[in-house]
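**Student:** sharing a model prediction with you, sequence too.
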Amino acid sequence: MIILQIEHQVPDYNGWKKVFESDPLKRAESGVKSHRVSKPVDKSNYVMIELEFEKLNEAESMLERLRELWKQVGDKVLMNPEARIIEVTESKSY
């Protein structure tokens, strides 16, 4: 399993969430199998997103498209984005 892991500050969580929910990059059509949005309990203006893919090239393509989108929206929607592609090597539920 391949995960595109994204973190960034948001000036307004609800405003950011509306943009996220509008799905401008068409996640399902881009190969995203699932997503998870989290935020620290003590920091309401920070989000962490995990997009799950089956194929590395799909995650790489999404990351390129995200970087272009970030340039367009600037600080109005998010600030200081960081992203990395990781591979899950083990997972176990308890």
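**Tutor:** Here it is on my side, so go on. Numbers count the residues shown, from 1 in each chain.
**Student:** ok, then the element right after the helix or strand harbouring residue 6?
**Tutor:** Residue 6 is located in strand 2-9, with elements delineated by DSSP states H and E. Downstream of strand 2-9, the next assigned helix or strand under DSSP H and E is helix 13-22.
**Student:** what comes into contact with that following helix?
**Tutor:** When contacts are defined by CB atoms under 8 Å, 6 or more residues apart in numbering, helix 13-22 is touched by residues 10, 37, 39, 44, 45, 47, 49, 73, 77, 78. Just so you know, the C-beta spots here come from the backbone N, C-alpha and C atoms, and that holds for glycine as well.
**Student:** same check on stretch 3-11?
**Tutor:** 16, 45-53, 59, 62-63, 66, 75-88.
**Student:** how about that stretch as PDB, C-alpha atoms only?
**Tutor:** Taking Å, rounded to 0.1, in the frame of the first residue of the first chain, the C-alpha atoms of stretch 3-11 are listed here in PDB:
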ATOM      1  CA  ILE A   3       0.300   6.500   1.100                       C
ATOM      2  CA  LEU A   4       0.700  10.200   0.100                       C
ATOM      3  CA  GLN A   5       1.000  11.900   3.400                       C
ATOM      4  CA  ILE A   6       0.300  15.600   3.500                       C
ATOM      5  CA  GLU A   7       0.500  18.100   6.400                       C
ATOM      6  CA  HIS A   8      -0.100  21.900   6.500                       C
ATOM      7  CA  GLN A   9      -1.500  24.800   8.400                       C
ATOM      8  CA  VAL A  10      -4.900  26.200   7.500                       C
ATOM      9  CA  PRO A  11      -6.100  29.700   8.300                       C
END
